[in-house]
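> sequence first, then the predicted structure:
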Amino acid sequence: MKPALIAIPVILLLAAVSVFTGVGSLAAADDGRGWFLVVESRLPRTLALMLAGAGLAVSGMIMQMLARNRFVEPSTAGTAESAALGMLLAVLIAPNLPVAGKMVCAALTALAGTALFLQILRRIPLRSALMVPLIGLMLGGVVNAITTFIAYRYDLMQSMGAWMSGDFSVVLRGRYELLWIGLALTLVAYATAARFTVIGMGEAIARNVGLNYDRVVALGLAIVSMVTATIVATVGMIPFLGLVVPNIVSLIMGDNLRRTLPVVAVSGAGLVLACDIVGRLLIAPYEIPVGTVMGVIGSLIFLQLLLSRRSHAG
């Protein structure tokens, strides 16, 4: 827990910087508009960043345990693309459905896409760990192609872009509260962390110690799907976050989820806050979406992890 205790002051500092970073001035407002800006926009945005970062990082860790592969996370297993497909179908079939209803549709398709990914892994002999993310990326590409075709056919390309961009500029009070579901699911994951740790050792070991393997896998899939769906429905997907953070934490602290899960959650929140601050400052008064900043940073770290794994294998 010591790394988590060390990270908490850093998170609080980043949160304070996030609240006071932006185009609108807080100090010069004497008529209450500064406080209104903080309550209605800056604070909800900061909370949304922290909730999304923690949820995606924990989801990535769970997926890596379920697939027993370090290169798996929602954006490399077709989960995010499946959630976007569910959002699109909800918009087409029931356009007046509230956001919570669309999120449920996204969760169901994300659950189906992730389960399909795991079934494919079971049926294909994998000689290299690097094949697993490649299969996930191909599956995500197929789902994304289907989603793009439907979106283009019904003139919904702009909506699809919003679901995959990871943009927090539209977050206001009343438009991010679904992300608290992700926090509740993160607490559930922590309560069952020991089971996910055993699952990561393999199905045979899990069954030998008396663990209900299928039930734990179903719980993990439900957590990952719900968290991904809430984030896609609210702010859009943030790529590679669930891959980078769990890998770095595991290198430092090992694979005991009971010990590492709080650090993963806090680190994910901090990384998203840092990326958002960078995106707001680089071309101020305009801003770069968090998903774009994290995509650049995450892809570079992903390549480094792949190359290091290949060098060790050689």
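Done, it's in.
> moving C-terminal of the helix or strand where Leu13 lies, what's the next helix or strand?
Here Leu13 is covered by helix 2-19, with elements defined by DSSP states H and E. The helix or strand immediately downstream of helix 2-19 is helix 33-37, counting by DSSP H and E.
> and after that next one, which helix or strand comes next?
By DSSP H and E, the next helix or strand past helix 33-37 is helix 43-67.
> any idea which helix or strand comes after that following helix?
Per DSSP H and E, the first helix or strand lying C-terminal to helix 43-67 is helix 79-93.
> list the helices and strands that following helix packs on?
Contact analysis of helix 79-93 by 3 or more C-beta pairs under 8 Å, 6 or more residues apart in numbering; DSSP states H and E lists helix 99-123, helix 131-153, helix 157-165, helix 213-234 as its packing neighbours. C-beta coordinates here come from the backbone N, C-alpha and C atoms, glycine included.
> contact partners of that helix?
The contact list for helix 79-93 (C-beta atoms under 8 Å, 6 or more residues apart in numbering) reads 63, 74, 97, 101-102, 105-110, 112-114, 117, 140-141, 143-144, 146-147, 150-151, 154, 156, 159-160, 163-164, 224-225, 228-229, 232-233, 237, 239.
> ChimeraX command to pick out the buried ones of those?
Only the buried entries of the contacts of helix 79-93 go into this ChimeraX selection, using 16 or more other C-beta atoms under 10 Å:
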select :63,74,102,105,106,107,108,109,110,112,113,114,117,140,143,144,147,151,156,160,163,164,224,225,228,229,232,233,237,239
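> centroid residue for this structure?
Geometric centre of the chain, nearest residue: Leu56, 2.6 Å, by C-alpha atoms, centre = their mean.
> that residue is in contact with Phe240, isn't it?
No: between Leu56 and Phe240 there is no contact under C-beta atoms under 8 Å: 9.5 Å.
> and the helix holding Leu13, what other elements does it pack with?
helix 43-67, helix 241-253, helix 257-282.
> could you give the angle of it to helix 241-253?
140 degrees (axes from the mean of the first three to the mean of the last three C-alpha atoms, to 10 degrees).
> hang on, the earlier thing: check the helices and strands packed on helix 79-93 for me: which has the lowest mean pLDDT.
Among the helices and strands packed on helix 79-93, helix 157-165 carries the lowest mean pLDDT, a mean of 79.
> got the angle for that one vs helix 79-93?
Orientation check (the same axes, to 10 degrees): helix 157-165 against helix 79-93 gives 150 degrees.
> wait, isn't Met61 in contact with Leu241?
No: using C-beta under 8 Å, Met61 makes no contact with Leu241, being 11.1 Å away.
> of these two, which one has the most company?
Per other C-beta atoms under 10 Å, whichever of Met61 and Leu241 has more neighbours is Leu241, with 33 against 30.
> and the pLDDT for Ser128?
At Ser128, the pLDDT value in this model is 67.
> number the chain from 15, please
Noted, 15 is the first residue going forward, which turns the last one into Ser142.
> against Val223, how distant is the nearest residue to Ser96 once chain neighbours are set aside?
In space, and not counting its chain neighbours, Ser96 is closest to Gly127: 2.7 Å by C-beta to C-beta, 6 or more residues apart in numbering. With distances taken as C-beta to C-beta, to the nearest Å, Gly127 is found 30 Å from Val223.
> what about Arg82, distance to Gly216?
Shown here: Arg82 relative to Gly216, a distance of 7 Å by C-beta to C-beta.
> among the two, which residue is more densely surrounded?
Each of Arg82 and Gly216 has its neighbours counted (other C-beta under 10 Å); Arg82 has more, 16 against 12.
> residue ranges with poor pLDDT in this structure?
The chain contains residues with pLDDT under 70 at 15-19, 37-46, 140-143, 323-328.
> could you redo the last one with a cut-off of 80?
Scanning the chain for pLDDT under 80 picks out the ranges 15-22, 35-51, 138-144, 173-180, 188, 216-217, 269, 298, 316, 319-328.
> number of residues surrounding the nearest residue to Met267 once chain neighbours are set aside?
Spatial nearest neighbour of Met267, chain neighbours left out: Thr274 (4.9 Å); criterion: C-beta to C-beta, 6+ apart. Counted with other C-beta under 10 Å, the neighbours of Thr274 add up to 22.
> cool, the one 3 residues further on as well?
Each residue near Val277 was counted by other C-beta under 10 Å, and the total is 24.
> tell me the contacts of the residue nearest to Val286 when sequence neighbours are not counted?
Counting by C-beta to C-beta, 6+ apart, the nearest residue to Val286 once its immediate chain neighbours are dropped is Gly67, at 3.2 Å. With contact taken as C-beta under 8 Å, 6+ apart, Gly67 is in contact with Ile252, Leu255, Gly282, Ala283, Gly284, Leu285, Val286, Leu287.
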